[in-house]
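Undergrad: sequence and predicted structure, then a few things I'm wondering about:
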Amino acid sequence: MPKEIHPGDEEFKSNERQSPQTTDTVVMVYPDTFKFNPETATSNKFMKPLIGVTEEETGTLARNEFKGAVKQLQDNGINVIVIHSPDGKDTPDAVFPNNWFSHHGDTLVLYPMRNTSRSTERQPQYLMKALTEANFPEPQVLDLTYHEQVRATEKNSDGAEMSVCLEALEGTGSIVLDRVNKVAFAIESPRTTKKVFDEWYEEMGYSRIFFHAENSEGPIYHTNVIMGIGSRFAVICFESIRDLGEREMVRKSLEATGREVIDITLDQVSAFCGNLLEVKTTSGKPKIVMSETALKNFTEEQIRVLRSYGDIIALDIPTIESAGGSARCIMAEIFTSKNLTKQP
């Protein structure tokens, strides 16, 4: 296991590097114990339990969708590293690994999770072993999980008491990254607190755009539900940003990068149109990964624009989406440090 570092350590050197926006390698976690999670349902209003389907059947459907998604990505030239959920532990949402870690070439960041069942998903040693076996260099680890010590008691969606972290930041669910320009976007929610976000951007050498977004049910739980940033495009739901000053701030920040901005509606957000990820093949060809649900809910003109920036890979994952996350959430990007170049 590499040396663990903490915010404020003098020896920590955040990656002052110019990163590509996309990678050809992702980590995906097999949904060994997938089911509806009443803990996370309290803050994720996109979760919808399947009606007329048993818990066992739900898990089987999710695992079949996962295997199909992995094969589809691999058939399209994407490297996929698959690891299993923590052995012997109940982790209903483990299929969404991008929340507990993010990879930045030389640095692996571990994040504080709001719910205990999600904290249980973290397995950095297992992840490191899988990366080493895939010939990735060993990164330093920036551990932000100490924030989970700040806790309170709330009730889950079933009315039972649960312990929650009050200072959470859930990886690239909470933070959407413009890696090229080193700008981090985040919306405040119970899953994304300003205190930890401020700590993250200072340690990682990014500038920040912090704002608020909501739908009819209240604050939206993760930033990557309403926006995604590719190499030459950005998808964003401006309708969700009710404060006009914040809306203009986000718009100008995206337009300043030279990317084409695709504005989606709140209805499209509910269909996971914002939850997409651009990757590239091992030969460098751009691909845009989304779900079949999202593909069916983009307009023809929006699809035309997206296809001008990369071929679309549409994953058939409706059962996994019932847990409130979609195509982007099931992939955690891995960046090779040797391909990152120092900034002038």
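TA: Right, received. Where do you want to start?
Undergrad: gap between residue 248 and residue 211?
TA: According to C-beta to C-beta, to the nearest Å, residue 248 stands 10 Å off from residue 211. (C-beta placed from N, C-alpha, C; glycine too.)
Undergrad: please apply the same query to residue 199.
TA: From residue 199 to residue 211 the distance is 18 Å (C-beta to C-beta).
Undergrad: quick one: low-confidence ranges for the protein?
TA: 1-18, 337-344 (pLDDT under 70).
Undergrad: which residue ranges of it form helices?
TA: Using DSSP state H, the helices of the chain run over 55-75, 116-119, 124-133, 171-174, 194-204, 244-255, 266-270, 292-297, 300-307, 318-321.
Undergrad: what lies in contact with the second one?
TA: It refers to helix 116-119. Residues from elsewhere that reach helix 116-119 (C-beta atoms under 8 Å, 6 or more residues apart in numbering): 37, 39-40, 90-93, 99-100, 112-113, 145, 148, 162-165, 170.
Undergrad: let's see that with 6 Å instead.
TA: Applying C-beta atoms under 6 Å, 6 or more residues apart in numbering, the contact partners of helix 116-119 are 39, 93, 113, 163.
Undergrad: which one of those has the most neighbours?
TA: Tallying neighbours with other C-beta atoms under 10 Å puts residue 93 at the head of the contacts of helix 116-119, with 30 neighbours.
Undergrad: which residues does the closest residue to residue 230 other than its chain neighbours form beta bridges with?
TA: Using C-beta to C-beta, 6 or more residues apart in numbering and skipping the chain neighbours, the partner closest in space to residue 230 is residue 278 (3.7 Å). In this entry, residue 278 is beta-bridged to residue 288, by DSSP bridges.
Undergrad: and residue 313, by the same measure?
TA: Bridge pairing for residue 313 - DSSP bridges - gives residue 289.
Undergrad: that one: what's it in contact with?
TA: 76, 287, 289.
Undergrad: try 10 Å this time
TA: Residue 313 is in contact with 69, 72-73, 75-76, 78, 276-277, 279, 287-291, 295, 327, counting by C-beta atoms under 10 Å, 6 or more residues apart in numbering.
Undergrad: over to residue 159?
TA: Counting by C-beta under 10 Å, 6+ apart, residue 159 has contacts residue 38.
Undergrad: likewise for residue 246?
TA: Counting by C-beta under 10 Å, 6+ apart, residue 246 has contacts 187, 209, 210, 211, 212, 213, 238.
Undergrad: identify, from the contacts of helix 116-119, the entry nearest to residue 54.
TA: For the contacts of helix 116-119, the minimum distance to residue 54 (C-beta to C-beta) is 18.7 Å, reached by residue 93.
Undergrad: which of the contacts of helix 116-119 fall within strands?
TA: Those of the contacts of helix 116-119 mapping onto strands are residue 163, per DSSP state E.
Undergrad: of the helices of the chain, which stretch is the most buried?
TA: Burial of those is given as mean neighbour count (mean count of other C-beta atoms under 10 Å); helix 171-174 ranks first at a mean of 27.
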